[in-house]
Structures are given as C-alpha cells and as structure tokens.
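Peer 1: I'd like to go over a predicted model; first the sequence, then the structure.
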There are 2 protein chains.
Amino acid sequence: MPENDTTTTPGTGTAGPGSRSTGPGTGSTGPERPADTPGSTAAAPALTREALAQAALRVLERDGLAGLSMRKVAAEVGVKAASLYWHVRNKEELLDLLNDAIMASAEPPPREGDWREQLRGYCWRHRSLLRDNRDAAKVVAGRLAPGPHLFGLLEDQLDRLREAGFSDAHAALTTYLLSSFVQGFVLQEQSPLSAAEADGASRLEVVSAVRDRFRALPVETFPNLVDLAADLTEPDLDVRFEFCVERILDGLATLLPPERR
Amino acid sequence: MPENDTTTTPGTGTAGPGSRSTGPGTGSTGPERPADTPGSTAAAPALTREALAQAALRVLERDGLAGLSMRKVAAEVGVKAASLYWHVRNKEELLDLLNDAIMASAEPPPREGDWREQLRGYCWRHRSLLRDNRDAAKVVAGRLAPGPHLFGLLEDQLDRLREAGFSDAHAALTTYLLSSFVQGFVLQEQSPLSAAEADGASRLEVVSAVRDRFRALPVETFPNLVDLAADLTEPDLDVRFEFCVERILDGLATLLPPERR
DNA sequence: ATGAGCCCCTAACACCGTTAGGGGCTGGTT
DNA sequence: AACCAGCCCCTAACGGTGTTAGGGGCTCAT
C-alpha cells in the first residue's frame, strides 16, 4: 500500500488511454521536442519539464523542501496537480528534475593555479551551491540520478585531476571523495543544532548554548567533551570547512610523485 | 541506562491545561521516574520515550523512513496516534529519539593498533552502522541533535585523537571531517543509481547499465567520462570507501610531527 | 471528597501523492 | 467531411499524513 506499486514497470501496456505512455522528454541529453510550435499562437508558453523544474525551484526557495508539494508546483505553473503527472511519472521524478535544475547554476572554478587550488575551488563552490539554494543539500541527499549538468562538472573535474597526474582510478575515486564529503558537511552544517532553532535564537546564541551544555557535562565521564567544548563549538563554519578540505587535499597529494607535489 | 533526554529547553510553561506542559522526563542526566510502580500490577509496561524510540526503530526497519508515520508507531506500542503527543512534541522530536536509538547500537573499535588503525575502525564501523539499520543515513542526515549515545562516541574519539598527538583544535575539527564524510558517503552509496532500482534489477545489472550510459556519451564533449567509465562505476563500494578513508587519514597524518607519523 | 496531574481516547482539520475517467483541441488519414 | 489518435488539462475521489481540541477515566495527595 504505501509504496510498493511499481506496478507499472515498463510493461502493463494495456494500451488503455489513461496510462501514461511516453511522456515528453525522456532522453537524457538529446533535444526531444519535434520542433517548436510552427505557427499559430506562437507565444503559448508550452509547459515543459524544464518549466516544471524552474517552478519547483521557485517553490523550494519559498517554502522549503518540506513545503514543496505537487499542488504548489502545479499552481506555480498555472495548472492543477493532476496535470503534472502527464509530464512526470511521480514526485520523485520531479525531484530529479529539481536536482538537475539546482546543479545547472554550478560552474567550475577558473583554470588557474595548481591542482590544489583548483580542487579547493571545486569544494568551496560546491558548498556554496548547496548553501545558497534553500534545502539544496537535502534535495541532493538521496539522489545520485545524474542530470546532464552534473555530467559536465564531473567531466571537467576528471580532466583536471588527470592533468594533475592522478591515475585513472584515483581520479575517478577522488570525485566520490570530494562530493561525499561536501554533501555530508553541508548537511551537517545546515541542520539545526537544537530544537531551539527556527525560532528566534541567533546562530551565535545557539552555539554558545550548546557550548555551555558541553561544559555542563559530568567531567569524570566526559572529560574531553568538557575540555574541548570551545573547540567543538567553533562558530565559524568556514574554519571547519577549510580544515577538512585542506586535510583531504593533503591526503590526495600523497598519491602524486613528490615533484608534482 | 541512559534514560536521558536532552530536549526541551524548559520554557513555554504557560501551565494551561490542554498544552503539553512538562512531559515525562525533562531532566538531563538524573533518573526521572519516581521509582518504578511500587506494587499492584507490576507488569504494566509503562510507555516511556525509550519504548517509543524502540517502536519507531522497529517500524523503520519494517517500512523504511517514508513509511514511518505517527500512526504506525502508535500502533506498534498499542495506542492511538494522538497519544504520542503526550510523550513527544512532534514527529521531529520522535525522529531525534530514533536517531539516538540508532546510535545506541554503535560501539567504538578496539583500542589496539596505532591511531590510523583506530580511526579507520571508527570510519568503517560508522559506515556499517548506517548501512545496517534501514534508512539510518537518511534519519541521521539533517539531524545534529546529539543524543547521549553520540556523546559517548565523541568523547572516546576525541580521547584517542589527543592521545595520538593531535592538538585540541585539530582533534575537534577531525571529528567533523570524519562524520561528515562517512555520512555523505553512505547517503550516496545507498541512493538508487537510477530509477531502475527498487524493482528487480540486481545491483550489478544497474551498475553495468550505468557504465554503458557513460560509454554512450558523445566522446568529443565528454572524453573523460567515456574513458573512465569503468573506473567511475567500480562496483565494489568497499574499494571506494577504503580509498576515501585512507586519503583522509593521510591528510590527518600531515598534522602530526614526523616521528608520530 | 476533592482536586491535580497523568495518560489515553475520539473527532476532526487541512493537506498530501496519486489515480480514474473525461473532455476539449490539434493535425493527419481515409 | 468524417474520423481517429495523440496531447494536455480538468474534476473527483481514494487513502493516507501530522497535528490539535476536547474529554474521560484513573491514581494519587490533600
């Protein structure tokens, strides 16, 4: 009942009218539309999957992931909820589109400096991408489904890694290391520290409250937590991120022969 | 044992009748229950927050995070949904409890070998913890809210890091690096590669399908993706994880004076 | 006996994802 | 001209969700 379903799979082609058959664009990279509305009322906006993705992006920005519903996205494009199912198999697929729409605004760092500088740029940009779009980290979280835009980034990153001297296998593995870390980090840095967020509670207030809680722990069982309370609650998350990224870069450097650094 | 609780931040005590006022245990560490049901029908299970967490854990295992509803958790403990709100402010708080319940089954690696070996153990154990409990990674994802069990782990990890020779600040930052990475990695490794999962589609089938898709990309625009298709789709995720962890450990090693390695 | 606090209940609200079925509107074929 | 096929949207409804209001017992200390 709840999920299951999947009844569809490809089969079940009872050819019944109601069943979704092809849907517009299923292709990954190639353009799908036959042409574009040859004549007649040329201005008709023509609801596309792209338009859906943009609408979803707007709703996400306004209401957050929890507030993103089919009905709202439909309203955003001026139709009713059920109509979306002509363009999209289900909400999950809409989220895939949304995921790609988020990735669309990413662009690789400039091609200057050594490999460290460039990879560093990738990490920091990836982080800001996930932070700038509301709830982007959560959207991306359980979603590998590579949209075309991510392909471009991946391609570019691999290119630089190989050029830096990394082996094929190492280059490929490195992309996973970087993306896993950045994703995990942003997820953590954006999650509310305590229930006392979302209300007023300025960031700094919450942080120092957490720090006090650390300090208030029983010293005999949690000596380190008490002692390192200040370090654990370093309020500048950029410092944290920088530390982590530099450590990862150091680790990657050991893969290269010393002369390439 | 650790009855616990965290939570609440006391305020809001308007003392009005209908409003949830205190809830059972609000104390931080001390035991709350006055005693335990002195006489009479001694066997009454007495619905506790702990029991709720266990019930939620069972529902999670059975139906996954998407299928975890207040009503089901309530049914699991033999009450109706509305009754849960006496013990818990809302679903979010229940998820915090669930989070801690998941963490409860974690235990630190043995204290043998050098610091690398021990940190490695932490990473691999953390990963299996998140993989063994269904949807655990997603539950933990947007949830810092440190349950008492996580405190224990953190304390232990910090202790080993300092003993290894890391400075206070470095030790603290390292815990974030490790947990961010592991969390991000498991999130990625568990997310379905394509829509063609969840159905039949053995893992290997899907992997090789994805590999073929990489290879089928236009070579002139995605030369690296095409070329590294095999490396990018390495099916053994342990290999990936190992690479990432070792790189991070290498990076951490550079913080130590050479003689401590 | 009274009241306070605990703990659960029934009903209901508004909203969710999703499906069934239908109805126009278009363009091509017979 | 008539027809059909496909596109694209609609209304209505199903079963489910989190959450609140209000009430009712049941146990205790006064």
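Peer 2: Happy to help now that I have it.
Peer 1: Report whether stretch A:89-107 contacts chain B.
Peer 2: Yes. Stretch A:89-107 lies within reach of chain B by CB under 8 Å from any CB of the partner chain, at A:89, A:92-93, A:96. C-betas here are computed from N, CA, C, even on glycine.
Peer 1: The closest residue to A:Glu163 other than its chain neighbours: neighbour count?
Peer 2: Once flanking residues are discounted, A:Glu163 sits nearest to A:Trp115: 7.6 Å by CB to CB, 6 or more residues apart in numbering or on different chains. If you count neighbours by other CB atoms under 10 Å in any protein chain shown, A:Trp115 ends up with 19.
Peer 1: I figured A:Trp115 was touching A:Leu161, is that so?
Peer 2: Yes. The pair A:Trp115 and A:Leu161 passes the contact test of CB atoms under 8 Å, sitting 7.3 Å apart.
Peer 1: what's the next secondary structure element after the helix or strand encompassing A:Phe151?
Peer 2: Using DSSP states H and E, A:Phe151 sits in helix A:148-164. Using DSSP H and E, the helix or strand that follows helix A:148-164 towards the C-terminus is helix A:168-190.
Peer 1: How far does that following helix sit from its chain's centre?
Peer 2: Relative to its parent chain, helix A:168-190 has a centroid offset of 12 Å by CA atoms, centre = their mean, to the nearest Å.
Peer 1: which helices and strands does the helix or strand where A:Leu225 lies pack with?
Peer 2: For A:Leu225, the host element (DSSP H and E) is helix A:223-227. Packed against helix A:223-227 by the contact rule (3 or more CB pairs under 8 Å, 6 or more residues apart in numbering or on different chains; DSSP states H and E) you find helix A:203-215, helix B:148-164.
Peer 1: Please name whichever of these is nearest to DNA strand D.
Peer 2: Among those, helix A:203-215 comes nearest to DNA strand D, with 20.6 Å by CB to the nearest atom of the strand.
Peer 1: got the angle for that closest one vs helix B:148-164?
Peer 2: If you take axes from the mean of the first three to the mean of the last three CA atoms, to 10 degrees, helix A:203-215 sits at 80 degrees to helix B:148-164.
Peer 1: Averaged pLDDT, helix A:203-215. What do you get?
Peer 2: Mean per-residue pLDDT for helix A:203-215: 89.
Peer 1: buried residues in that helix?
Peer 2: Buried residues in helix A:203-215, counted by 16 or more other CB atoms under 10 Å in any protein chain shown: A:206-207, A:210-211, A:213-214.
Peer 1: list the contacts for the closest residue in space to A:Arg120 that isn't next to it in sequence?
Peer 2: Closest residue to A:Arg120 apart from its sequence neighbours, by CB to CB, 6+ apart: A:Val245 at 6.1 Å. Residues near A:Val245 by CB atoms under 8 Å, 6 or more residues apart in numbering or on different chains: A:120, A:123-124, A:181.
Peer 1: Over to A:Asn133?
Peer 2: Applying CB under 8 Å, 6+ apart, the residues contacting A:Asn133 are A:57, A:60-61, A:102, A:105.
Peer 1: which of those residues count as buried?
Peer 2: Buried among the contacts of A:Asn133 (16+ other CB under 10 Å): A:57, A:60, A:102.
Peer 1: wait, doesn't the last one sit right on A:Ala53?
Peer 2: No. Applying CB under 8 Å, one finds A:Ile102 not in contact with A:Ala53, separated by 9.1 Å.
Peer 1: picking up where we left off before, CSV for the helices and strands packed on helix A:223-227, including distance to DNA strand D?
Peer 2: CSV is the format used below for the helices and strands packed on helix A:223-227 (distance: least, CB to the nearest atom of the strand, whole Å):
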stretch, distance to DNA strand D
helix A:203-215, 21
helix B:148-164, 23
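Peer 1: now those helices in CSV, with distance to B:Val239?
Peer 2: Below are the helices and strands packed on helix A:223-227 laid out as CSV (distance: least, CB to CB, whole Å):
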stretch, distance to B:Val239
helix A:203-215, 37
helix B:148-164, 25
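Peer 1: Looking at those, spot the one closest to B:Leu173.
Peer 2: helix B:148-164 (9.8 Å; CB to CB).
Peer 1: that older thread, so which of the helices and strands packed on helix A:223-227 comes closest to DNA strand C?
Peer 2: Across the helices and strands packed on helix A:223-227, DNA strand C has its closest neighbour in helix B:148-164 (20.6 Å, CB to the nearest atom of the strand).
Peer 1: That closest one: which residues count as buried?
Peer 2: B:148-162, B:164.
Peer 1: Quickly name whichever of these is closest to chain A.
Peer 2: Each of the buried residues of helix B:148-164 was checked against chain A using CB to the nearest CB; the closest is B:Leu158, at 4.0 Å.
Peer 1: how about the nearest residue to that closest one, chain neighbours excluded?
Peer 2: A:Asn224 (4.0 Å).
Peer 1: Spit out the contact partners of that neighbour.
Peer 2: B:155, B:158-159, B:162.
Peer 1: do that again at 6 Å, thanks
Peer 2: B:155, B:158-159 (CB atoms under 6 Å, 6 or more residues apart in numbering or on different chains).
Peer 1: Just the pLDDT for it.
Peer 2: 97.
Peer 1: What distance do you get for it to B:Gln157?
Peer 2: Using CB to CB, to the nearest Å, A:Asn224 is found at 9 Å from B:Gln157.
Peer 1: Kindly report the same for A:Leu129.
Peer 2: 30 Å.
Peer 1: and if you look at A:Leu84?
Peer 2: As judged by CB to CB, A:Leu84 and B:Gln157 stand 46 Å apart.
Peer 1: do A:Gln183 as well
Peer 2: 22 Å.
Peer 1: do A:Glu242 as well
Peer 2: In terms of CB to CB, A:Glu242 sits 21 Å off from B:Gln157.
Peer 1: and if you look at A:Pro257?
Peer 2: Distance, A:Pro257 to B:Gln157, by CB to CB: 33 Å.
Peer 1: Much appreciated, bye for now.
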